[in-house]
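> Whatever this is, show me its structure:
(2 chains)
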Amino acid sequence: DTAVSQTPKYLVTQMGNDKSIKCEQNLGHDTMYWYKQDSKKFLKIMFSYNNKELIINETVPNRFSPKSPDKAHLNLHINSLELGDSAVYFCASSQVEGARFFGPGTRLTVL
Amino acid sequence: AQSVAQPEDQVNVAEGNPLTVKCTYSVSGNPYLFWYVQYPNRGLQFLLKYITGDNLVKGSYGFEAEFNKSQTSFHLKKPSALVSDSALYFCAVRANQAGTALIFGKGTTLSVSS
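As a prediction, this is how the structure comes out:
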């Protein structure tokens, strides 16, 4: 009965590879997000989708592409991974004005 | 542009004592304000929010926060700290406009000693 789930929890990969992180929420929320937490624990919004429509797209390299097949899913695909992409990526969901419910995070390590 | 500041990297308090974690914000119009807590190797957990109404907001685990419009602050408080409260706390703000992002502070590490 997990509210917001992400897979995988850990991802270790080589530079230049392409990888995806999946996110699902069972809360019936309209809006989903991807956040990046760097090594200093600083959290920054990357993308936001409302009812499968992109509403926030911060200054993120276009190697990062979110995809929302339906309201309950928001996946993150990353092409040509770089060392600087190493971070913890959090998916979250909310009703539009409400608090964000966060997933457990995916720790990405690029070697 | 909206921003949020948490002026303290770390707050140390003895168990049983009151605690305060500070947060100030800058946003156009009326703010939506939130506090989250993050335990090691975990996701963020929502503690409380201020949207409108009473300036004193009560949240989870005995935490509360006071919205002060004149000082643009939203400090997190708890009357009696527990060792299990030790964690990383984030204040966040967004403008009262559709499509605006939730901006997080840099976080404050709370350490409660027994």
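> going forward, measure contacts and count neighbours with C-alpha atoms only.
Noted.
> Show me the shaky parts of chain A.
By pLDDT under 70, the low-scoring segments of chain A are A:1, A:96-97.
> Sketch out the strands for it, chain order is fine.
Ranges of strands in chain A, per DSSP state E, are A:4-7, A:10-13, A:19-25, A:31-37, A:43-50, A:53-57, A:64-70, A:73-78, A:87-94, A:101-102, A:106-110.
> residues in chain B within reach of chain A, list them.
Within chain B, the positions lying close to chain A (C-alpha under 8 Å from any C-alpha of the partner chain) are B:34, B:42-46, B:49, B:98-107.
> again, only this time at 6 Å
Contacts of chain B with chain A, taken as C-alpha under 6 Å from any C-alpha of the partner chain, map to B:42-44, B:99, B:106.
> now these as JSON lines including pLDDT?
Supplementary listing: these in JSON lines, determined by pLDDT from 0 to 100:
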{"residue": "B:42", "pLDDT": "85"}
{"residue": "B:43", "pLDDT": "86"}
{"residue": "B:44", "pLDDT": "91"}
{"residue": "B:99", "pLDDT": "67"}
{"residue": "B:106", "pLDDT": "96"}
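> Which residue comes closest to residue B:95 once chain neighbours are left out?
Excluding the flanking residues, the one nearest residue B:95 by C-alpha to C-alpha, 6 or more residues apart in numbering or on different chains is residue B:31, at 5.0 Å.
> circling back to that earlier point, of all the residues of chain B next to chain A, which two lie farthest apart?
Farthest pair in these (C-alpha to C-alpha) is B:42 and B:99. Separation: 27.0 Å.
> Of the two, which one has the most company?
Taking other C-alpha atoms under 10 Å in any protein chain shown, residue B:42 and residue B:99 do not tie; residue B:99 has more neighbours (16 against 13).
> before we move on, the earlier item: would you mind measuring from the residue nearest to residue B:95 to residue B:105?
Going from residue B:31 to residue B:105 by C-alpha to C-alpha, to the nearest Å gives 14 Å.
> swap in residue B:12?
In terms of C-alpha to C-alpha, residue B:12 sits 19 Å off from residue B:105.
> Comparing the two, which residue is more hemmed in?
It is residue B:105, of residue B:12 and residue B:105, that has more neighbours when counted by other C-alpha under 10 Å, with 22 against 13.
> which ones are touching the more buried one?
Contacts for residue B:105 (C-alpha atoms under 6 Å, 6 or more residues apart in numbering or on different chains) come out as B:4-6, B:90-92.
> Point to the residue nearest the middle of chain A.
Residue closest to the mean C-alpha point of chain A, counted by C-alpha atoms, centre = their mean, is residue A:34 at 3.4 Å.
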